[in-house]
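Undergrad: What follows is a predicted structure for the sequence shown.
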Amino acid sequence: MVNDRLSLVFGALADPIRRAILTRLAEGEATVAELAAPFSVSQPAISRHLKVLENAGLVSRTRRATARLSRLEAEPLREVTTWLARYQRFWDESHERLDDLLTALQARQEEDSGQHPAVTAKGNDDE
């Protein structure tokens, strides 16, 4: 079930307008007209985007008087972050291996050029 929700959230986040809507809703509730204002799309198009976000659990909608307000629901984003965090270890280890490789290549290059790794051009007293 979690994977299905993740798929819905990733699908919702795939569209730049929906991501922008979430960014705006992080500031507080908004009407469809307020959400549509920065875009060159119709209010019905924004309503369709909101429906996708709502189906993914990222937005809830309430009615206040005659206004229908949308609100950010961030919990699914936490689930995505938790899922992505599993890959942080992979990237950390990859970067460590890359650092080790670069250090080894630099040491070999310095050996090949006849320099000691601890002696730099500024530290060379032969000048």
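TA: Alright, I've got the coordinates. Since this is a predicted model, take the numbers as computed values, not measurements.

Undergrad: how near is the residue nearest the centre of the chain to Tyr87?
TA: With distances taken as CA atoms, centre = their mean, the residue of the chain nearest its centroid is Thr81 (8.6 Å). Applying CB to CB, to the nearest Å, the value for Thr81 to Tyr87 is 11 Å. C-beta coordinates here come from the backbone N, C-alpha and C atoms, glycine included.

Undergrad: List the buried residues for the helix or strand where Thr81 lies?
TA: Assigned by DSSP states H and E, Thr81 belongs to helix 75-112. Buried positions in helix 75-112, judged by neighbour count with 16 or more other CB atoms under 10 Å: 76-77.

Undergrad: what is the mean pLDDT for that helix?
TA: The average of the pLDDT scores along helix 75-112 is 89.

Undergrad: how far is it from where the chain is centred?
TA: Here helix 75-112 is found 18 Å from its chain centre; the criterion is CA atoms, centre = their mean, to the nearest Å.

Undergrad: cool, stretch 43-61 as well?
TA: 20 Å.

Undergrad: So which bits of that stretch are buried?
TA: For stretch 43-61, using 16+ other CB under 10 Å, the buried residues are 46, 49-50, 52-53, 56-59.

Undergrad: out of those, which are inside strands?
TA: Counted as lying in strands by DSSP state E, out of those, are Val59.

Undergrad: which two from the buried residues of stretch 43-61 end up farthest apart in space?
TA: Ile46 and Gly57 (18.4 Å; CB to CB).

Undergrad: circling back to that earlier point, turn the buried residues of stretch 43-61 into a markdown table, including pLDDT and distance to Phe10.
TA: Listed next are the buried residues of stretch 43-61 as a markdown table, based on pLDDT from 0 to 100; distance: CB to CB, whole Å:
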| residue | pLDDT | distance to Phe10 |
| --- | --- | --- |
| Ile46 | 96 | 21 |
| His49 | 97 | 15 |
| Leu50 | 97 | 18 |
| Val52 | 97 | 12 |
| Leu53 | 97 | 12 |
| Ala56 | 96 | 9 |
| Gly57 | 96 | 12 |
| Leu58 | 97 | 11 |
| Val59 | 98 | 15 |
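
Undergrad: ok, of the buried residues of stretch 43-61, which one's closest to Ala65?
TA: Distances from Ala65 to the buried residues of stretch 43-61, taken by CB to CB, are shortest for Leu50, at 18.8 Å.

Undergrad: Good, wrapping up.
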